[in-house]
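K.L.:
Any chance you could fold what I've pasted below:
(chains A and B)
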Number of protein chains: 2
Amino acid sequence: MTDKTAGQGPPEQPPVVSIARLAEHVDKTVRLRGWLYNQRGSKKLNFLELRDGTGVVQCIAFKGDLTEELWETSGAVTQESSLDVVGQVRAHPKKPGVFEIGVEHITVIGKSDDYPISPKDHGTDFLMDHRHLWLRSRRQHSIIRIRHAIIQAIRTFFDSREFTLVDAPIFTPNACEGTSTLFETDYHGQPAFLTQSGQLYMEAASAAFGKAYCFGPTFRAEKSKTRRHLAEFWMVEPEVAFMDLDGDMQLAEDFLCAIASHVLETRIDELEQLGRDTSKLEAIRAPFPRITYHEAIEILQKAGHDAKPGDDFGGDEETVISSEFDRPVIVHRYPAALKAFYMKKDPENPELALCMDVLAPEGYGEIIGGGQREDSLETLVSAIERHSLPMPAFEWFLDLRRYGTFPHAGFGLGIERTVAWLCGLPHVRETIPFPRMLSRLSP
Amino acid sequence: MTDKTAGQGPPEQPPVVSIARLAEHVDKTVRLRGWLYNQRGSKKLNFLELRDGTGVVQCIAFKGDLTEELWETSGAVTQESSLDVVGQVRAHPKKPGVFEIGVEHITVIGKSDDYPISPKDHGTDFLMDHRHLWLRSRRQHSIIRIRHAIIQAIRTFFDSREFTLVDAPIFTPNACEGTSTLFETDYHGQPAFLTQSGQLYMEAASAAFGKAYCFGPTFRAEKSKTRRHLAEFWMVEPEVAFMDLDGDMQLAEDFLCAIASHVLETRIDELEQLGRDTSKLEAIRAPFPRITYHEAIEILQKAGHDAKPGDDFGGDEETVISSEFDRPVIVHRYPAALKAFYMKKDPENPELALCMDVLAPEGYGEIIGGGQREDSLETLVSAIERHSLPMPAFEWFLDLRRYGTFPHAGFGLGIERTVAWLCGLPHVRETIPFPRMLSRLSP
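P.N.:
Here you go, the predicted model:
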């Protein structure tokens, strides 16, 4: 790209490079542009940690190398001031892969006075109020880059398996299952609701494309304040024609293994920066244990929980069940009464649904929910009537059973919970760049 | 995947394959599952066009090869019935790369009676009402697959250039520039607005990551009914620290060339199916012409338009300007008065903004808008005051100028307009799986 800030720099024009690419310029003079992350100095040396978004490098200003003015500039730079630094790239004498810059010239582009986030501890609310600045920290940087790698792995997985991306709509016309957790808006005179799941649309898509997925934001107006819930979160939802529950469990297993190995391959530095025990991620390998709902109840009872058949699992129960295993566990065939009306019943026991949840280890709970969908028109119509749902809202969905019905299955994976799990974070609030929670709508 | 519909099939179990992969199974017996796309028959032969989402293949049922029952089944299959077909893969005698199936067994999985979309012409409203079924047509299939390829190209482009994906929030707390085109919702007791652009957030992201982009749905409650507007549309927005307007134009040019060549490389069949003149896409090559706003005015005047300096361009003007060129044209340095308050003024002429629009050829109009952002705190504060905008809503945005301000630039590209352009479609309504327009909120 052309350089229009030249007037601020030194007369000579060495190439602008990124910190991530310093290895390609050892012993050469380069130009870096970024922000001051940290600084310390002595009588003859100033050590400036410069970050440019691709990495952090130590720039060493030696008094003997610089004019009086430049030496003073190097000592007076404040945290998060934007800088233009020219200097020689030197390989660190002891640490392979680490480089330093011997400063030859330094220009302050934008001075930063009283940067609000200092190295001292701040409360979470303060940091969240300054999310636009907090994102500059090493820790947030690592989390967002791991998030990006997870999203890359998700898209690569489905694209390489011939899935077609079919974006589901955000605005939906009906509050199919009640309005209590839906965000509503006035859509040119009629009410519209923000999507909670693209699944019904993906069922239509799987009849058109065989294998389809959607990936976008979803919304939940829940009043609960927990470490696992956001009002706005991203979800990926594959749906496959002619796939049954066994195929669905296999797909989920392959999928999570692909995500974990991509993150390990590409983001090991970031995982280390977060202090993540990577052996926990290396354990995410096939085969995943697959247990029935009733086996899960037995695990709970053995652990002293007073769980009984028919109970749904909350976060506590999920933690107990998943702590039996070192990798994700698939729990299948929950009581149909606990699950959505569109789940197919198990032909061998119609009290059970052909559904599955994947519980992440280390107490991270449900990260995937899915199953095989009811494909009989009559059974689905009865289910809609029994649940007292508005039939007209489902006419298009019933069309999928009227015109060439087909067995099919799919699942949904929540991105933020997956990021929290792989990064080892106690709360989802740091897993998305600008979190939206019960009491958080800004910045 | 495991097969649980085996009971419905023939006793032997040939492998289930996808139509896209038939080349790997020539002269072998395979099993296909899909839907009847079309059918014709004679006394001894029934030709069944089967689609499975990966392609369409002709299955030939020969009376002499089949039992009476199977022969009758093959003749009675109705449009969009779901089928299980076993047969031998044969290379087409004359067309290389085309295959046929010699039917050995056929099972109807789900019968389809009176499929509403027949080969005859239907009105657009009827087709839109049946969007969940219309997606099964060859034409819609081609469009959505090209859309998918465009999205893949976008992500690959930014990921390979070391951009970090930083998802912008959908819920925003302030109606910064008026509420007239904003969708509003009740966010736990306070108003929230659905995003129209992630740009301000990407400016914060570029200070954290150097190069950042967001990609997600955006919303506009416009009352206008045009062929270019959707209420819900997807947008990708890169933002780069230390990049100026020249760099921004270069990035947009590289970006559009990468998208066009990826679509040509991977979706030539779909383009042909749509009847697209691919020579128009082959022309999308660097360098793109770059003209100033005032040169654009001259083009309009020469073409007989009564345009005068200071006028904004609508669809008609964009068509006239872009029809002078065989590839996208970049128009830069519009009057600052026509552009948003955050655009940086041209230091050589403060009446002009350092902004640019990219107009697609063939009358497709603006597909990219962007520019360099104002990086002076004082100038930005004055602009907010002059536009009578609510200062508190912009405090976090102003922080980016308080703490290490930096030159930066970026742009936004609308996905649906890009799909319409590359596919050669007259209207954006077919470019997204489930369009949302002024009078369209379902299915």
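K.L.:
For the residue nearest to A:Ile284 when sequence neighbours are not counted, grab the count of nearby residues.
P.N.:
Among residues not flanking A:Ile284 along the chain, A:Ala260 sits closest, at 3.9 Å (CB to CB, 6 or more residues apart in numbering or on different chains). In short, each C-beta sits where N, CA and C put it, glycine included. Neighbour count of A:Ala260, defined by other CB atoms under 10 Å in any protein chain shown: 23.
K.L.:
Per-residue pLDDT of A:Ala260, please?
P.N.:
As predicted, A:Ala260 sits at a pLDDT of 98.
K.L.:
ok so it is a helix residue?
P.N.:
Yes. Applying DSSP: H, G, I helix; E, B strand; the rest coil, one finds A:Ala260 inside a helix.
K.L.:
I'd guessed A:Leu425 sits against A:Val419; true?
P.N.:
Yes. Under the criterion of CB atoms under 8 Å, A:Leu425 makes contact with A:Val419 at 7.4 Å.
K.L.:
of these two, who's got more company?
P.N.:
More crowded of A:Leu425 and A:Val419, by other CB under 10 Å: A:Val419, with 24 against 21.
K.L.:
what about A:Leu352, which helix or strand?
P.N.:
Using DSSP states H and E, A:Leu352 sits in strand A:349-353.
K.L.:
Off-centre distance for the helix or strand just after that strand?
P.N.:
Once the chain leaves strand A:349-353, the next helix or strand it forms, by DSSP H and E, is strand A:355-360. With CA atoms, centre = their mean, to the nearest Å as the basis, strand A:355-360 stands 18 Å off its chain's centre.
K.L.:
Going toward the C-terminus from strand A:355-360, what's the next helix or strand?
P.N.:
Using DSSP H and E, the helix or strand that follows strand A:355-360 in sequence is strand A:365-372.
K.L.:
could you say what helices and strands the strand holding A:Leu352 packs with?
P.N.:
Judged by 3 or more CB pairs under 8 Å, 6 or more residues apart in numbering or on different chains; DSSP states H and E, strand A:349-353 is in contact with strand A:345-346.
K.L.:
How about residues contacting the strand it packs on?
P.N.:
Strand A:345-346 is contacted by residues A:333, A:336, A:351-354, A:374, A:379 when judged by CB atoms under 8 Å, 6 or more residues apart in numbering or on different chains.
K.L.:
How about the secondary structure of A:Val30?
P.N.:
The three-state assignment at A:Val30 reads strand, by three-state DSSP.
K.L.:
How about the contacts made by the closest residue to it other than its chain neighbours?
P.N.:
Nearest residue to A:Val30, sequence neighbours excluded (CB to CB, 6+ apart): A:Val17, at 4.6 Å. By CB under 8 Å, 6+ apart, the residues touching A:Val17 are A:24-25, A:30-32.
K.L.:
which ones are touching A:Ile415?
P.N.:
A:147, A:150-151, A:154, A:233-236, A:431-432.
K.L.:
The residues you listed also near chain B: which ones?
P.N.:
A:147, A:151, A:234, A:432 (CB under 8 Å from any CB of the partner chain).
K.L.:
among those residues, which are in helices?
P.N.:
Using DSSP state H, A:147, A:151 are the members of the ones next to chain B among the contacts of A:Ile415 that sit in helices.
K.L.:
Now restrict the ones next to chain B among the contacts of A:Ile415 to buried residues only.
P.N.:
Among the ones next to chain B among the contacts of A:Ile415, those classed as buried by 16 or more other CB atoms under 10 Å in any protein chain shown are A:147, A:151, A:234, A:432.
K.L.:
Derive a ChimeraX selection command for the buried subset of the contacts of A:Val17.
P.N.:
Buried members of the contacts of A:Val17, defined by 16+ other CB under 10 Å, are picked up in ChimeraX with:
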select /A:30,31,32
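K.L.:
From the contacts of A:Val17, pick the one nearest A:Ala283.
P.N.:
The closest of those to A:Ala283 turns out to be A:Glu24 (CB to CB; 35.8 Å).
K.L.:
For that closest one, give me the pLDDT.
P.N.:
96.
K.L.:
Which residue is the nearest non-sequential neighbour of it?
P.N.:
A:Val17 (7.5 Å).
K.L.:
Tell me the pLDDT of the one you found.
P.N.:
So, for A:Val17, pLDDT stands at 96.
K.L.:
Repeat that for A:Thr226.
P.N.:
82.
K.L.:
what's the burial count for it?
P.N.:
A:Thr226 has 12 neighbouring residues, counting by other CB under 10 Å.
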